[in-house]
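S.K.: A predicted structure for the sequence below; I have some questions about it.
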There are 4 protein chains.
Amino acid sequence: MNPKITKRDIIINAAIRTFSRKGYYNSRISDIAEDAKISHGLVYHYFSSKEQILITIFRDSFEEVLEEMSRIDKKKGTALDKLKAVITYTFKVVEHNRDLYKVRIMDVPCIQKFYEPENQLLYNRYFARLADFIKEGQQKGLIIKKGAPLLISHIFHGSVDAVIRQFAYNKEFIYENMSLDLIISQTIDLVFSGFILDTDFHGN
Amino acid sequence: MNPKITKRDIIINAAIRTFSRKGYYNSRISDIAEDAKISHGLVYHYFSSKEQILITIFRDSFEEVLEEMSRIDKKKGTALDKLKAVITYTFKVVEHNRDLYKVRIMDVPCIQKFYEPENQLLYNRYFARLADFIKEGQQKGLIIKKGAPLLISHIFHGSVDAVIRQFAYNKEFIYENMSLDLIISQTIDLVFSGFILDTDFHGN
Amino acid sequence: MNPKITKRDIIINAAIRTFSRKGYYNSRISDIAEDAKISHGLVYHYFSSKEQILITIFRDSFEEVLEEMSRIDKKKGTALDKLKAVITYTFKVVEHNRDLYKVRIMDVPCIQKFYEPENQLLYNRYFARLADFIKEGQQKGLIIKKGAPLLISHIFHGSVDAVIRQFAYNKEFIYENMSLDLIISQTIDLVFSGFILDTDFHGN
Amino acid sequence: MNPKITKRDIIINAAIRTFSRKGYYNSRISDIAEDAKISHGLVYHYFSSKEQILITIFRDSFEEVLEEMSRIDKKKGTALDKLKAVITYTFKVVEHNRDLYKVRIMDVPCIQKFYEPENQLLYNRYFARLADFIKEGQQKGLIIKKGAPLLISHIFHGSVDAVIRQFAYNKEFIYENMSLDLIISQTIDLVFSGFILDTDFHGN
DNA sequence: AATGAATGAGGTTTCATTCAT
DNA sequence: GATGAATGAAACCTCATTCAT
């Protein structure tokens, strides 16, 4: 067995699969234990409660996202390159572990603990990071100045998230047999430039 | 009392408030009954189960959305006018009943019944309607042709939804004291035209 | 059915029997429910927790004791008559419901809630009452003055309690076939006057 | 380290502290292990079960009491001297290790095993010993003859126990700032001679 | 229509005990 | 001797749902 995969990780992964399949509130600790091939009692050796498992999934996952954003920030490239990299990374993460993404968007927001300051702080750092990229783009003349950076970051995130939800929830992808790469590039295109043809729009 | 407000409506509204405040799985039938100022037993005269209440909320609400989209469609105006009207309508609905919006985005997707064909059909009709507007815009040369209409509809919805989530979940609105009307117009602007300045982008 | 016996009382009596037989921590809510011939869920309709049942037993019982002591106090008679009446009453209570007495002495002191101020206050009022009787006796020259009233009240209670414990826990009474009345009168005698023959003892 | 203090003793003492503080049923094996600064698994090298620890505490402690009573019996002195010595010894034991006394009176009687013949026999030997002293006093004309020795032994024990309970459970002693020695002597006085002033009482 | 007592399936969590290391 | 991961029985409590009144 891979010595790096601890039992804690096995439980986390079992929980991600279980939550993703049945939803947090319909998942029993015994379902997770069964998936992890351990007794349900052992789960409590590693986590203090079912809620704690979900919070751990959330925090681990978001810390990884933030680390990746730091890495992206350090690479050379324009603000737009960075935002593109965020989109590409997000798609790749979902491609690699769509259960995790489902849990993040469907289950995490359902529990009270997510709304406690400690976790909201972590969550908001993601948007703050996006807003930083956008501010940078505005200063460099790449992004329109009249949009509030945070508003843009929400629109940016919402656009990508909406597409990825389809990707995550529909086994057969629905956009007329488009390849994933094509979807990514079209998404980037649409999010960045919108979809209307009146190019004078911004000039008003 | 308004004779049109039936007890059934009272229960529905109590459920919307309760689900919004505590989440579906943390809401007790007795919580809803208490909010409606009736006994919990009476709830079962009007609804067969707790799940049925949530599904009713979902269906009623989405049918109303679809009716509004029909009304919008019938009015004269371009496809872009229609899409703008959808955004404006959505903001107004949330302004009027943000609890309902919260339930729709947070609680409805948590229950299995939502994923049954009957309800998915209703849900997808909303996106199909959006896609129709977009196709219309593409035919009229208002919207870029290379984006798949459904993909655009998801991006459109995701963008607006992301902004509205902030509106729904943050008591103090967060975008630098912008007025709701300004947010709506900026959102329309950004969703339609994107946020980058390179106007040749679409021309590539 | 006796209309005065409420379901709450049925549960309380079932709990007294169950706690008495198996001890608080070995008694299951389902044991109590079974004894009361109801479903275990119904227990929680009347009591918020297992602990609350025990506390209710304690409080109800002690309030009754204190009421009896008030009644005794109001009757005419010396302080010694009052103390005798307390002893007699206690024996009668145990004779009528020895399970209740067992629960009071064995189970009630085992739970944390008993040591909360609210309940200690109630418990101590019993000793305070006894001490009042003793003070009265001291003022009337019936009881020796050099003993601290509270100390005497504890010795008084401890003596009687020790005898009653035997009565409560030994099906076949153990004192050489003495009748209950004889035991009561001998107990009164011994507690009041001690058991040594040196009558000058108090004169030292 | 004192070579005579075995790990077994360390566990016993940890258990006494733990049971005393939290009660038997609220004490976890891991609490005891933590107090003893060992792993909880090791407890099972020395004791077969949690119950066995409590029974061991009971048996060790009572065997010591019985040994002391033998020593007292062997010393020269009247029956009253012996009874006084028992009282003094009991107070001294509590003064030295009040946790042990608490466990003996609160926790030991809560477990079923205590009521098995083997342990009841040991427990009753204490009262039998007391009754022997009392019989001896009766034969020597020091103690009234009409009281059943066992009844007197229970009253004797109950009196002393009641006072000691106060001593064990109230950090600040409650009897008007009396010294321990004064309490002991007053207790002896009151238990032996009672507290009423009518010295003809026994003559009736 | 309306109430709320009653049911009971079912879940989370605890923890004594075992045993491989 | 010593550790602590692992097991699994068992208990409290919740609450959707039913139904007599």
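M.R.: Alright, I've got the coordinates. Just so you know, these numbers come straight off a predicted model, no measurement behind them.
S.K.: low-confidence ranges in chain A?
M.R.: Residue ranges of chain A with pLDDT under 70: A:1-3, A:171-176, A:198-204.
S.K.: just give me the longest helix of it.
M.R.: Ordering each helix of chain A by length in residues (DSSP state H) puts helix A:50-74 first.
S.K.: got the angle for the helix or strand encompassing residue A:120 vs helix A:50-74?
M.R.: Taking DSSP states H and E as the definition, one finds residue A:120 inside helix A:117-139. Helix A:117-139 and helix A:50-74 meet at an angle of 20 degrees, taking axes from the mean of the first three to the mean of the last three Cα atoms, to 10 degrees as the criterion.
S.K.: what packs against helix A:117-139?
M.R.: helix A:50-74, helix A:79-96, helix A:149-169 (3 or more Cβ pairs under 8 Å, 6 or more residues apart in numbering or on different chains; DSSP states H and E). In short, each C-beta sits where N, CA and C put it, glycine included.
S.K.: before we move on, the earlier item: so which bits of the longest helix of chain A are buried?
M.R.: Neighbour-count burial for helix A:50-74, counted by 16 or more other Cβ atoms under 10 Å in any protein chain shown, picks out A:50, A:53-58, A:61-62, A:65, A:68-69, A:72.
S.K.: got it, and stretch A:138-145?
M.R.: Buried residues in stretch A:138-145 (16+ other Cβ under 10 Å): A:138, A:142, A:143, A:144.
S.K.: and stretch A:42-49, by the same measure?
M.R.: A:43, A:46, A:47.
S.K.: tell me which element the closest residue to chain D within chain A falls in.
M.R.: Nearest residue of chain A to chain D, counting by Cβ to the nearest Cβ: residue A:45, 12.2 Å away. Taking DSSP H and E as the definition, one finds residue A:45 inside helix A:40-46.
S.K.: ok, residues contacting that helix?
M.R.: When contacts are defined by Cβ atoms under 8 Å, 6 or more residues apart in numbering or on different chains, helix A:40-46 is touched by residues A:7, A:8, A:11, A:29, A:30, A:32, A:33, A:36, A:53.
S.K.: which one of these is nearest residue C:161?
M.R.: residue A:29 (46.8 Å; Cβ to Cβ).
S.K.: from memory the closest one sits against residue A:50, does it?
M.R.: Yes: under the criterion of Cβ atoms under 8 Å, residue A:29 makes contact with residue A:50 at 5.7 Å.
S.K.: torsion angles phi and psi at residue A:196?
M.R.: For residue A:196, the backbone dihedrals (degrees, to the nearest 10) come out as phi -90, psi 160.
S.K.: what count of nearby residues applies to it?
M.R.: 19 (other Cβ atoms under 10 Å in any protein chain shown).
S.K.: got the residues of chain A near DNA strand F?
M.R.: Neighbours of DNA strand F within chain A, by Cβ under 7 Å from any atom of the strand: A:7, A:38, A:39, A:40, A:41, A:42, A:44, A:45.
S.K.: how about the helix or strand harbouring residue A:189 and chain B, any contact?
M.R.: Counting by DSSP H and E, the element that carries residue A:189 is helix A:180-193. Yes: on the criterion Cβ under 8 Å from any Cβ of the partner chain, helix A:180-193 is in touch with chain B at A:183, A:186, A:187, A:189, A:190, A:191, A:192, A:193.
S.K.: ok, those residues vs residue D:170, which is closest?
M.R.: For those, the nearest to residue D:170 is residue A:191 (72.8 Å; Cβ to Cβ).
S.K.: then the helix holding residue A:120 to CSV, C-alphas only?
M.R.: The C-alpha trace of helix A:117-139 is given here as CSV (Å, rounded to 0.1, in the frame of the first residue of the first chain):
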residue,chain,number,x,y,z
PRO,A,117,-16.2,33.4,10.7
GLU,A,118,-13.2,31.1,10.7
ASN,A,119,-14.5,29.3,7.6
GLN,A,120,-16.0,32.3,5.9
LEU,A,121,-12.7,34.0,6.2
LEU,A,122,-11.1,31.1,4.3
TYR,A,123,-13.8,31.1,1.7
ASN,A,124,-13.6,34.8,1.1
ARG,A,125,-9.9,34.7,0.6
TYR,A,126,-10.6,33.0,-2.7
PHE,A,127,-12.7,35.9,-3.9
ALA,A,128,-10.2,38.4,-2.5
ARG,A,129,-7.5,36.7,-4.5
LEU,A,130,-9.6,36.9,-7.7
ALA,A,131,-10.3,40.5,-7.0
ASP,A,132,-6.6,41.1,-6.6
PHE,A,133,-6.0,39.7,-10.1
ILE,A,134,-8.8,41.9,-11.4
LYS,A,135,-7.4,45.0,-9.8
GLU,A,136,-4.1,44.2,-11.3
GLY,A,137,-5.7,43.9,-14.7
GLN,A,138,-7.4,47.2,-14.3
GLN,A,139,-4.2,49.0,-13.4
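S.K.: can you list contacts of it?
M.R.: Residues contacting helix A:117-139 (Cβ under 8 Å, 6+ apart): A:55, A:58-59, A:62-63, A:65-66, A:69, A:73, A:78-80, A:82-83, A:86, A:113-114, A:143-145, A:147, A:149-150, A:152-154, A:156-157, B:195-196.
S.K.: tell me the gap between the helix holding residue A:45 and the middle of its chain.
M.R.: 28 Å (Cα atoms, centre = their mean, to the nearest Å).
S.K.: before we move on, the earlier item: what subset of the buried residues of helix A:50-74 is also close to chain C?
M.R.: Okay, of those, nothing touches chain C (Cβ under 8 Å from any Cβ).
S.K.: so can I have a markdown table of the residues you listed showing distance to chain D?
M.R.: Supplementary listing: the buried residues of helix A:50-74 in a markdown table, determined by distance: Cβ to the nearest Cβ, whole Å:
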| residue | distance to chain D |
| --- | --- |
| A:50 | 22 |
| A:53 | 22 |
| A:54 | 26 |
| A:55 | 25 |
| A:56 | 23 |
| A:57 | 28 |
| A:58 | 30 |
| A:61 | 32 |
| A:62 | 33 |
| A:65 | 38 |
| A:68 | 40 |
| A:69 | 42 |
| A:72 | 46 |
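S.K.: is it possible to get TSV of those that adds distance to residue C:105?
M.R.: Formatted as TSV, those follow (distance: Cβ to Cβ, whole Å):
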residue	distance to residue C:105
A:50	41
A:53	45
A:54	47
A:55	46
A:56	47
A:57	51
A:58	51
A:61	56
A:62	56
A:65	61
A:68	66
A:69	66
A:72	71
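S.K.: tell me, which of those make contact with DNA strand E?
M.R.: Within those, those near DNA strand E by Cβ under 7 Å from any atom of the strand are residue A:50.
S.K.: of the buried residues of helix A:50-74, closest to DNA strand E?
M.R.: residue A:50 (3.9 Å; Cβ to the nearest atom of the strand).
S.K.: show me what contacts that closest one?
M.R.: Contacts of residue A:50 by Cβ under 8 Å, 6+ apart are A:24, A:27, A:29.
S.K.: helix/strand/coil for the second one?
M.R.: Secondary structure, DSSP: H, G, I helix; E, B strand; the rest coil: residue A:27 is coil.
S.K.: contact partners for it?
M.R.: A:15, A:18, A:19, A:21, A:50.
S.K.: what helix or strand is the second one on?
M.R.: Right, residue A:18. Per DSSP H and E: helix A:7-22 holds residue A:18.
S.K.: list the buried residues of that helix.
M.R.: Those would be A:10, A:11, A:12, A:13, A:14, A:15, A:16, A:17, A:18, A:19, A:20, for helix A:7-22 by 16+ other Cβ under 10 Å.
S.K.: how many other residues sit next to the closest residue in space to the second one that isn't next to it in sequence?
M.R.: Leaving out its chain neighbours, the residue that sits closest to residue A:11 by Cβ to Cβ, 6 or more residues apart in numbering or on different chains is residue A:36, at 5.1 Å. Residues near residue A:36, counting by other Cβ under 10 Å, number 22.
S.K.: ok, now residue A:105?
M.R.: 15.
S.K.: separation between it and chain C?
M.R.: Distance of residue A:105 to chain C, given as Cβ to the nearest Cβ, to the nearest Å: 36 Å.
S.K.: that residue against residue A:158, yeah?
M.R.: No: between residue A:105 and residue A:158 there is no contact under Cβ under 8 Å: 11.5 Å.
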